[in-house]
Structures are given as C-alpha cells and as structure tokens.
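Peer 1: Any chance you can model this:
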Amino acid sequence: MLYFARWKVAAILGVVALGLLLCIPNLVPKSSLPTWARQISLGLDLRGGSYLLLEVDLNAVVRERVESLTDGARTRLRTANIGYVNLAADPNNRRMSFRVREAAQAEAAATQLRELANPVPVRGSQTGATQPDIEVATTPDGTVTATLSEAALIARASGAVEQSIEIVRRRIDETGVAEALIARQGQNRILVQLPGVEDPNRIKDLLGRTARMTFHLLDETANPNAGTAPPPGVQFLQGEERGGQQTGRYAVRRRVEVDGANLSDARAGQDSRNGEWVVNFAFDSIGTRRFSETTRQNVGRPFAIVLDEKVITAPVIREPITGGRGQISGSFTARTANDLAVLLRAGALPAPLTVVEERTVGPELGADAIRAGTISLAAGAVFVFLYMGFAYGLLGWFANVALLINLMLMMAALSLLEATLTLPGIAGIVLTLGTALDANILINERIREETRAGRPPVNALEAGFTKASGTIMDSNLTNLIAMGCLYAFGSGPVKGFAVTVAIGTVVQMWTATTLVRLLVSWWYRARRPRELPV
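Peer 2: Modelled structure (predicted):
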C-alpha cells in the first residue's frame, strides 16, 4: 500500500503532465498553434452553422443506365446490320426494348445487348463472384428487352451514394469550410454539418449541381426552334442563362466526344484580351487524345460544352487543339468562375442531390448553449466537491483532486482524438462528473468499514483499495458495454455522448485506483496518523 516503485510514480506523473500539455492548446487560438497541437472542435449546436440533409436521386441513376443501354443498342444494331423498330427506353420499369424487323435475328440482337452488360457483385457472395447487370429476353414476335437486375439496382444505388459522399466532401473542402461532418444516413441520404457557416446558400448551390460536363458536336441540319421532336441521336438543349436572358436552344448530338471525367484541372482566371472572368481547364492523357482527334476531324464545325444539360458555349473549331487545354467563357463573375472551377475539380455527381432538410444555428444560440453547459458543469463540480469533502473528510478531498485531474485527462483524450464537442458531449461530461466518484465512494466506504472493525490504519487502507477493486471493475465494465452499444447502434450526437462517457469511465477507473492511492500513500508516509479521517 505504501510502496510505489519510482518508475510507477514517474509513469503516473508523466500521464498527468501529458494530459496537461494536451489540454493547453484548447486555450490558445488555433492560428498560433504548432502543427502537432490538437484541439477540441465545437459542434454545430455550440458553434453555430448549417445542417443539411441531402437525398440522392436514385431514379436518375437508373434512367442514365437505361438511356446508355438504348444508345449502345442503337450503335451495335446498326454495326451488325440488324434492322429494328420501336427502340425505346422505359426507366420507370428499368428496361429498354425494341423489335427486330426479322424475327430470326432476335437472338443475334440479344447477343449484341448482352455484350453491353456490366459486371456487378453477387449479393452475399464471399468469393467476389459477379453477374451481368442486365437480363435480356426475347419473344416469338422478335421483341427484345433488357431489364436492370435487382443486383444491379443495389450495386448502383450503393455506389452512387458512396461516390456522392466523396464528391460532396471534395467540394466542401475546396470551399475552405473546416471541420465539416459528412456522413451517410439511411439508404440514400447524406448528412452534412457545416460549423461556422451561417449562410448555406452558396454551399447548397455547389452541392445541388450535378456538374457533369461533356463535349458534343452540334447537328447543323436540325432546327431546335421548329417545335418538332429531335431526330434520333440528337437532343435539343437550352443555352445557359446570361444576363437574365436565355441564349437560345441548340441541337446537340447525344454522342459524347469528350467526357468531363477526363479533366485533370480547372482554375478560374481572367482573359488577357478583354479581362473577363473565364475557367481554364486541362485534360489528362486520355482526354487530351480525344479532344485532339475531335478538333482535328471537325474543323469549321461548332463544338458545344454542356454542363448539366445546358449549353455553356458552342464555339466553332477554328483549328485543331492538341495541347489538351481549353477555356470556358461566358458572363462569369469572380465568384461564379471560382464555383464552376470547384465543381469541375471535384468531379460530377453520379446523381442529383436534393436538400430535404435544412437548419441554421446562429452563433448566439451556440454561445448560450456553451454558457449553460459551463454553468451546469461548474455547479455540478461544486456540489460534488462539497459532498465528498463533508462525507469522507481528507480522503474525500483526495478524491476531489483526482476528479479535477479526471476532467483534465478527459479533455486531453478528446483533444488527441480531435473530437467534436456537442451538447450531448457536455451532458456526457456532466454525467461522468457524478459517476467518476462512485469508485472513490466504494473505496472510502470499505476503508470506513475496516476502520470500524478495529483494523490498523495501514491495513484498513490496503483492504479498502484492494477489496473494492473487483466491484469497481464490474460496475464500470457494464457501463462500458452500454456505451459500446450506443456507439455501435447510434449515430451523430449519440455516438459523441457514448465516446465522452466511455473515455470518462476509463479515466476515472485509473484515477480512483491508482492516482488517489498514490496521493494517500504520500500523505500516510508523511503523517503516520493513528486514526484515519473518514
């Protein structure tokens, strides 16, 4: 009881000193901290900011796949000299269909369709087995249908959400918003929390745009203003609005000559000739080759840049462009040019995102929450300190010292994890403040019982710390199991609460059984009392 090896004393004091060192950065502005320092971040409910709940439009994913099947079927059937009629996409039923002119060619047409299939993983397979994402069927009258399979729907939905999360994270990082929380919620929703962002409109605009950029040739024979349906392989697209007015309609060929996915960089800048804001872009090696081939073969023809089904610009190709670089011009301001560059650098969303819930927390409300949390923590600490001091005398005050160090070590652990402190987190700290002394109460009650039984002080102290250890371990283990379940099955603030209470539980076990024991041993060796002040 009275003996602590020097290395043990050094280790205990080292842990306390390390905790103090990790807590200090929370008192210093972040801009003046060294790179190794870590701070606790304030959550949305304390700092203020914006909360967005986005929903991924999975119907758009299905529609895009069905339309790509339709375009692919049109090209393959023409190449194979298979006559067909009534080629149509039916996204609502997840399929496309057509009828061959000669029923004998139905199987050959089905074979061509099967070659358009993409492999998707077999659900529940542990060996990485795959299967086609479409199911092709024929009928005696020569009708051929291709339907997206259930496995394809599940794979595409999951992939679209995961890809959307990554692109949302890139876009937000590009805007300079720090400590944003981006997480999946449910099957097709994404939770975005932006601390410190009071006006979410710009972020909403950035996240709500699909930002898929493609390059197409125009069909100069079709008249987009005639009021008739576009010819096969052509779509009529509206020009982007400029100066509050539409720029007209364009007959754009559906075939994508160059995909924006092949962009390697995009930056806002000013045109050296007229000073207007533009977006300069560059392609990777694949995009450079395709861009060069397209411009070389189509000199003198208009070339449209399409962003989210709107034509940004459609300049005439004057000469082959072989350097893999280009420029998007229009009625841009510095902000709109930068926003477009951010979108292009981050990549296109696989499906549109819709804001289904939005909340804004002002900094005044966050300051009130911090004030209330601080008052509750301070009041709780005062009452707990007084109770322990009056109930257990000097040993109770030793427990109070350990409680202060317990709070310090909790903050140090949260700083090391760069955790985000929220109102539930403050509730967890206040709760830990009360439960942190349970172990000390068990130890002191045991010491009191041993003293009343006539044991000498040193034996009573030894029995109190030794015999109460099992009970302390059991009670805290059940608490850790409960917090583990909260963390595993909860989300957001519930997880934060669980982490805070779990850290507090582990720390208070150490302070009660090790740190308080060291303090008591120092006191006992210095005073050698005949009676214990319990």
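
Peer 1: quick one, helices of the stretch 351-500 of the chain?
Peer 2: 363-416, 423-435, 438-452, 457-467, 469-489, 493-510 (DSSP state H, counting those that start in this stretch).

Peer 1: Just say which of the ones you listed is most tucked in.
Peer 2: With neighbours taken as mean count of other Cβ atoms under 10 Å, those reach their highest mean count in helix 493-510, at a mean of 22. Bear in mind the C-beta positions are built from the backbone N, C-alpha and C, glycine included.

Peer 1: immediately after it, which helix or strand?
Peer 2: Using DSSP states H and E, the helix or strand that follows helix 493-510 in sequence is helix 516-527.

Peer 1: tilt between that following helix and helix 363-416?
Peer 2: For helix 516-527 against helix 363-416, the angle by axes from the mean of the first three to the mean of the last three Cα atoms, to 10 degrees is 70 degrees.

Peer 1: List the buried residues for helix 516-527?
Peer 2: Buried residues in helix 516-527, defined by neighbour count with 16 or more other Cβ atoms under 10 Å: 516-521, 524.

Peer 1: Serialize the helices of the stretch 351-500 of the chain to JSON lines and add fields for distance to Glu357 and mean pLDDT.
Peer 2: Converted to JSON lines, the helices of the stretch 351-500 of the chain look like this (distance: least, Cβ to Cβ, whole Å; pLDDT from 0 to 100):
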{"stretch": "helix 363-416", "distance to Glu357": "18", "mean pLDDT": "83"}
{"stretch": "helix 423-435", "distance to Glu357": "19", "mean pLDDT": "80"}
{"stretch": "helix 438-452", "distance to Glu357": "40", "mean pLDDT": "84"}
{"stretch": "helix 457-467", "distance to Glu357": "52", "mean pLDDT": "82"}
{"stretch": "helix 469-489", "distance to Glu357": "22", "mean pLDDT": "85"}
{"stretch": "helix 493-510", "distance to Glu357": "16", "mean pLDDT": "85"}
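
Peer 1: how's this protein carved up into domains?
Peer 2: For the chain, automatic domain parsing gives the domain ranges 6-47+364-527, 58-155, 209-360.

Peer 1: burial measure for the closest residue to Ala80 other than its chain neighbours, as a count.
Peer 2: Using Cβ to Cβ, 6 or more residues apart in numbering and skipping the chain neighbours, the partner closest in space to Ala80 is Gln112 (5.7 Å). Using other Cβ atoms under 10 Å, Gln112 has 20 neighbouring residues.

Peer 1: Give me the pLDDT value at Gln112.
Peer 2: Predicted confidence (pLDDT) for Gln112: 87.

Peer 1: Pull up the gap between it and Asn81, please.
Peer 2: According to Cβ to Cβ, to the nearest Å, Gln112 and Asn81 sit 11 Å apart.

Peer 1: One more: Arg527?
Peer 2: 105 Å.

Peer 1: Just put the domains of the chain in TSV and tack on distance to Glu166.
Peer 2: Below are the domains of the chain laid out as TSV (distance: least, Cβ to Cβ, whole Å):
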stretch	distance to Glu166
domain 6-47+364-527	19
domain 58-155	16
domain 209-360	8
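
Peer 1: Next one: the residue most central in space within the chain, what pLDDT does it get?
Peer 2: The centre of the chain sits closest to Ile182, judged by Cα atoms, centre = their mean, with a distance of 2.6 Å. Looking at Ile182, its pLDDT is 83.

Peer 1: same thing with Arg99?
Peer 2: Note for Arg99: predicted pLDDT of 90.

Peer 1: Would you confirm that it contacts Pro140?
Peer 2: No - the pair Arg99 / Pro140 is not scored as a contact, 11.3 Å apart, by Cβ atoms under 8 Å.
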